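In: 3D model of this:
(chains A and B)
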Amino acid sequence: MIPNHPFLCFVTDEILHPVEQVHRALGGGAAMIQLRHKSASGEQLYRWSIEIRDICRERHAIFMVNDRVDIAIAADADGVHLGQQDLPAAEARKLLGSSKILGVSVSSPQEAVDAENESADYVGFGHIFPTSSKEKHTVPTGPEAIGSIIQAVRIPVIAIGGINPENAHLPIAAGASGIAVITAISRAEDPEAAAGKLVSLLELNRLR
Amino acid sequence: MTMKTIQIAAESHTDAAVEPSRASLPRLCIVSSGREPDSSGTMLLALMERLPATLSCIVQIREKQLAAASLLNLSRRVKAMGEASRALIVLNERIDIAAAAGLAGVHLPESGCPPDKLTPLRHNMLIGKSSHSLESALDADMRGADYLIFGPVFDTPSKRRYGSPQGLDKLEAVCHAVGVPVFAIGGITTENAQRCLSAGAHGVAALSLFNDNVNVSGILSNLEQVLYR
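Out: The predicted model follows:
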């Protein structure tokens, strides 16, 4: 279900309406959507999730819910994306069953190996470049660090953190299976065009 | 007896684990302070140490400030502690974490995921729901909640953000309108608990009442007498 060519994942921006953002990102060709909203109520998350799930199905895109295994199952999302502070991947897998997609954020080869052993379907690795999206207390890894994760696991590695149309070719050249962005789309003047530009960059790299 | 009650009774008959039917739910719900700094659960475990071994109660872990991994660890600690008591341990909001920890149930806030959407995760877990209006109480009942916590009935600092107290009249209206047990919350004391029962409440829920750790054993045994006599 995860595309076997470099793809774009859009993670929703906490300060904007998620459904509107998803429309734009999918319009530009994003293949994966992750609903990430830490402060919304369970009921609100559920309502957004069923709406986004339906839009994603129409567009043949994958819909992931951040952190909330309960909401992902309630809304029949395609999967869950977990951070290191969220439920352990092995526990989430027991609840999700084998058919759902499980992604885990990692910041080291060891965390990537652990995630793969706990039946993650992909790992998100970053932050690659400096980013303003989340409070980060560590320095950016740089695109060259992606190689150490790719060597450590067999599952796809998705690069995240500070990726934009100017630097998106670097993580792909380093072997990433995809890129994940928030503000490069959500804060762009024309979010759909920004997503489209990132997707065409990925396709260009694929043809090389 | 509604269809649902019959179903639950049948399930509990076949299930080796003791799953309480709605009618036999404890009459006291103890809500955690919301001030645990980490997953060690120091305050909640100290409170549970003082639970009389005979006291049947629900202990709701409500520590919204903790991330999911910490909530899972905390839930496992509290569950292990509760094995020796007659406490049913439930977790606020997150049925996924409650299931992973093997807890007795989940308690959904009024704005939580609708209970009927959680069926795939529910199995034999209890689902409670908070309600601050007759309308939301009826909705939660219709959507399959096993019990409700309604309030704030009396004035209490921890519930002022939900508006002025609902009072005993509204509690009574809710208790008569829904088919599930209702716990009164908000400013509950050993003195006013009986008035909640008289209004039709199945039991009471409290948080601030147990902050005073010095006298908590006395408060608990007084409440036990009021609720179970």
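In: check contacts around A:M64.
Out: A:32-35, A:72, A:77-81, A:101, A:103 (C-beta atoms under 8 Å, 6 or more residues apart in numbering or on different chains). C-beta here means a position set from N, CA and C on the backbone, and glycine is covered the same way.
In: repeat that with 10 Å
Out: Residues in contact with A:M64 (C-beta atoms under 10 Å, 6 or more residues apart in numbering or on different chains) are A:9, A:11, A:32-36, A:52, A:56, A:72, A:77-82, A:100-103, A:122.
In: For it, give me the pLDDT.
Out: As predicted, A:M64 sits at a pLDDT of 98.
In: For it, name its beta-bridge partners.
Out: A:Q34, A:G79 (DSSP bridges).
In: Show me which residues of the helix or strand of chain A with the lowest mean pLDDT are buried.
Out: In chain A, no helix or strand scores lower on mean pLDDT, DSSP states H and E than helix A:191-207, which sits at a mean of 91. Buried residues in helix A:191-207, counted by 16 or more other C-beta atoms under 10 Å in any protein chain shown: A:191-192, A:194-199, A:201-202, A:205.
In: For those, work out which two are farthest apart.
Out: Largest separation among the buried residues of helix A:191-207 by C-beta to C-beta: A:P191 and A:N205, giving 21.6 Å.
In: So for chain B, the centremost residue is which one?
Out: Closest to where the C-alpha atoms of chain B average out (C-alpha atoms, centre = their mean) is B:C29, at 4.4 Å.
In: all helices of chain B, in order?
Out: B:3-14, B:42-49, B:68-82, B:95-101, B:119-122, B:134-142, B:167-177, B:193-198, B:216-228 (DSSP state H).
In: Check which helices and strands the shortest one is in contact with.
Out: In terms of contact count using 3 or more C-beta pairs under 10 Å, 6 or more residues apart in numbering or on different chains; DSSP states H and E, helix B:119-122 is assigned the packing partners helix A:69-74, helix B:95-101, strand B:105-108.
In: I'd like to know which of the ones you listed is closest to B:S33.
Out: strand B:105-108 (15.0 Å).
In: Just confirm yes or no for that closest one near chain A.
Out: Yes: using C-beta under 10 Å from any C-beta of the partner chain, strand B:105-108 reaches chain A at B:106, B:108.
In: Kindly report the same for stretch B:57-74.
Out: Yes: part of stretch B:57-74 sits near chain A under the criterion C-beta under 10 Å from any C-beta, namely B:66-73.
In: Can you lay out the residues you listed as TSV showing pLDDT, distance to B:P114 and neighbour count?
Out: Below are those laid out as TSV (pLDDT from 0 to 100; distance: C-beta to C-beta, whole Å; neighbours: other C-beta atoms under 10 Å in any protein chain shown):
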residue	pLDDT	distance to B:P114	neighbour count
B:L66	97	24	20
B:A67	97	24	15
B:A68	98	21	22
B:A69	98	26	18
B:S70	98	26	19
B:L71	98	21	27
B:L72	98	23	23
B:N73	98	28	18
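In: unless I'm mixing things up, B:K170 is touching B:G163, no?
Out: No: B:K170 is not in contact with B:G163 according to C-beta atoms under 10 Å; the separation is 11.5 Å.
In: and chain B, which residues reach chain A?
Out: B:66-73, B:93-101, B:106, B:108-121.
In: Just the buried residues of these.
Out: B:66, B:68-73, B:93-101, B:106, B:108-110, B:112-115, B:117-118, B:121.
In: Now do the strands in chain A.
Out: A:7-11, A:32-35, A:62-66, A:79-82, A:101-106, A:122-126, A:157-160, A:178-181 (DSSP state E).
In: For the last one, C-alpha coordinates in CSV please.
Out: Backbone C-alpha positions of strand A:178-181 (Å, rounded to 0.1, in the frame of the first residue of the first chain) are rendered in CSV as follows:
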residue,chain,number,x,y,z
GLY,A,178,9.6,9.7,0.4
ILE,A,179,9.5,13.1,2.0
ALA,A,180,7.1,14.5,4.6
VAL,A,181,6.4,18.2,4.9
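In: quick one: it to chain centroid distance?
Out: 6 Å (C-alpha atoms, centre = their mean, to the nearest Å).
In: Same question for the first one.
Out: Relative to the chain's own centre, strand A:7-11 is displaced by 5 Å; criterion: C-alpha atoms, centre = their mean.
In: re the thing from before, which one, of the helices and strands packed on helix B:119-122, ends up nearest to A:G161?
Out: Closest among the helices and strands packed on helix B:119-122, using C-beta to C-beta: helix A:69-74, at 23.2 Å.
In: what's the spacing between A:T12 and A:G162?
Out: 17 Å (C-beta to C-beta, to the nearest Å).
In: ah, wrong one, I meant B:R94
Out: 31 Å.
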